[in-house]
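1. next input, structure requested:
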Amino acid sequence: MSEFLRDYLTVIWFGAAALAIGAILLGAAALVRPSHPNFEKSIAYESGVDPVGIGWSQSQIRYYVFALLFVIFDVEAVFLFPWAANIERYGAFGLIVMVVFIVLLLDGLVYAWKRGLLRWV
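-> Numbering: from 1, shown residues only. Next up, the predicted model:
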């Protein structure tokens, strides 16, 4: 077996060990924990106030879209940090590529703004 594949085999062994330990701990917790189900434990908790009506309510989709846009732009902004840490190594080519990346990000932001997706209410 080559050294390259042996490195991946080490990763697979550690992954299998992590899954096995997780399964063993979850199984042990399921065996040890007390289980006394009743109706009061299945009622929705509302800060100590007795629940009124059903526990289901419909939420506006715009809140989910707003959160998704935040996550997308936040994750993409993470790509700026490695570039900023090694800016001398990348030189002018790295600067051009990062300017293109930022322009694409701003294009997505302007698109979301024009569609009205950034309005909270």
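
2. going forward, measure contacts between C-alpha atoms and count neighbours the same way
-> OK.

3. which residues touch the residue nearest to the spatial centre of the chain?
-> What sits nearest the mean C-alpha location of the chain, by C-alpha atoms, centre = their mean, is residue 71, with 7.5 Å. By C-alpha atoms under 8 Å, 6 or more residues apart in numbering, no residues touch residue 71.

4. could you point out which element follows the helix or strand hosting residue 30?
-> Assessed by DSSP states H and E, residue 30 sits inside helix 3-32. Downstream of helix 3-32, the next assigned helix or strand under DSSP H and E is helix 61-78.

5. name the helices or strands packed onto the helix or strand following that next one?
-> Sequence-wise, the next helix or strand downstream of helix 61-78 (DSSP H and E) is helix 80-85. Helix 80-85 makes packing contacts with helix 87-114 when contacts are defined by 3 or more C-alpha pairs under 8 Å, 6 or more residues apart in numbering; DSSP states H and E.

6. report the buried residues of the helix it packs on.
-> By 16 or more other C-alpha atoms under 10 Å, the buried positions in helix 87-114 come out as 94, 98, 105, 109, 112.

7. nearest residue to the first one in space, please, no chain neighbours.
-> Meaning residue 94. Closest residue to residue 94 apart from its sequence neighbours, by C-alpha to C-alpha, 6 or more residues apart in numbering: residue 87 at 7.3 Å.

8. in this protein, which helix or strand is least confident?
-> Lowest mean confidence among the helices and strands of the chain (mean pLDDT, DSSP states H and E): helix 61-78, at a mean of 83.

9. chain center to that one, what's the gap?
-> 10 Å (C-alpha atoms, centre = their mean, to the nearest Å).

10. quick one: low-confidence residue ranges for the chain.
-> 46, 51, 55, 121 (pLDDT under 70).

11. let's see 80
-> In the predicted model of the chain, residues 1, 4, 40-62, 117-121 satisfy pLDDT under 80.

12. how deep is residue 16 tucked in, by neighbour count?
-> 12 (other C-alpha atoms under 10 Å).

13. any idea how far stretch 52-67 is from the chain center?
-> The answer for stretch 52-67 is 20 Å, by C-alpha atoms, centre = their mean.
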